[in-house]
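In: Below: sequence and its predicted model.
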Amino acid sequence: MKKTTIFKFILLLLAFPFLAACSDDDDEVPEAGTVQVNIQHIVGSEPLQLNDATYTSPAGDTYTVSDLKYYISNVKLIGSNGQTVYIEPESYHLISQDGKLAFELLDVPANTYNQIELSIGVDEAHNHSTDQEGDLDPSNEMVWDWDTGYKFVSLMGSYTGDTKSGFLVFHIGGDANFKTITLDLPQPIDLRKQTNPELMLQADVNEMFQGPNLIDFDVMNSGGHGAGPSMMAENYSNGFLKITEVKQ
């Protein structure tokens, strides 16, 4: 009986390092995670439908949308202490209603995040060169030429106003119209607990036409550079994008 007890004790001592290692593995905190960003386009409270639906602008004009594209770039995640913890490398995403509506932030350090910072447009360092690849490739038809730069936002369709009707052709660009915004997360992301969360963003087309500048299509229904498009750039930096949900 005594020998059996001693034998069991020796086995327990031999097994202890293995059990301790397993316990450490189970409690190990991940070093990084992936955050997926999903985007839904709406007009007011309705989903955006290209060509098939008619909407009412904040100024009371009716309009349809045949094409919507824009750049989201320079994406960052901000920690609970207000400091930037993650900066996405090569951060240029061409978002399109009939194309790309999601992207992934890879190798995000395991931390707690309260905000996301992003820009609409292409920063000055990349705006005046068309010798680029991926979403910045000129074949995406979002450039004018090497000097003028990229179209940050392309919105096309048709409208009926109080006194006029015709086509909407907004191709907004220019370094002054590159806008950076910071969005609060409805709830923090903790990548030490959940390594693959999703951010659900909504982009409201009507917000391009109001707040602070009300756009009347009888007065302005096209543009690329200059005062008019800059009014729309002010608008899309104030309420166009919002986070509706964090899925963890």
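Out: Sure, I can see it.
In: how far away is K247 from L185?
Out: 12 Å (C-beta to C-beta, to the nearest Å). Yep, even glycine has a C-beta here, placed from its N, CA and C like the rest.
In: Can you pick out the residue with more neighbours from these two?
Out: L185 (17 against 12; other C-beta atoms under 10 Å).
In: The more buried one and T112: what is the separation?
Out: In terms of C-beta to C-beta, L185 sits 10 Å off from T112.
In: now swap in M231 and tell me
Out: For M231, the distance to T112 - C-beta to C-beta - is 38 Å.
In: Of those two, which one has the most company?
Out: Neighbours were counted for M231 and for T112 using other C-beta under 10 Å; M231 has more, 19 against 15.
In: Quick one: name whatever helix or strand follows the least confident helix or strand in the chain by mean pLDDT.
Out: Least confident helix or strand of the chain, by mean pLDDT, DSSP states H and E, is helix 2-27 with a mean of 46. Per DSSP states H and E, the first helix or strand lying C-terminal to helix 2-27 is strand 32-43.
In: Give me the mean pLDDT for stretch 151-165.
Out: In this model, stretch 151-165 carries a mean pLDDT of 97.
In: I'd like to check what contacts it. Which residues are they?
Out: 57, 60-71, 120-122, 142-144, 166-174, 177-178, 205, 208, 216-218, 221, 224, 232-233, 236 (C-beta atoms under 8 Å, 6 or more residues apart in numbering).
In: Only C-alpha atoms, please: export the host helix or strand of M231 in PDB.
Out: Taking DSSP H and E as the criterion, M231 maps to helix 227-236. What follows is helix 227-236, C-alpha atoms only, in PDB (Å, rounded to 0.1, in the frame of the first residue of the first chain):
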ATOM      1  CA  ALA A 227     -16.700  76.000 -53.500                       C
ATOM      2  CA  GLY A 228     -19.700  73.800 -54.300                       C
ATOM      3  CA  PRO A 229     -18.000  70.500 -53.800                       C
ATOM      4  CA  SER A 230     -16.200  71.800 -50.700                       C
ATOM      5  CA  MET A 231     -19.700  72.400 -49.300                       C
ATOM      6  CA  MET A 232     -20.500  68.700 -49.800                       C
ATOM      7  CA  ALA A 233     -17.100  67.700 -48.300                       C
ATOM      8  CA  GLU A 234     -18.100  69.600 -45.200                       C
ATOM      9  CA  ASN A 235     -21.300  67.700 -45.200                       C
ATOM     10  CA  TYR A 236     -19.800  64.200 -45.600                       C
END
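In: Return the list of helices and strands in contact with it.
Out: The contact analysis (3 or more C-beta pairs under 8 Å, 6 or more residues apart in numbering; DSSP states H and E) places helix 227-236 against strand 151-160, strand 165-173, strand 179-190.
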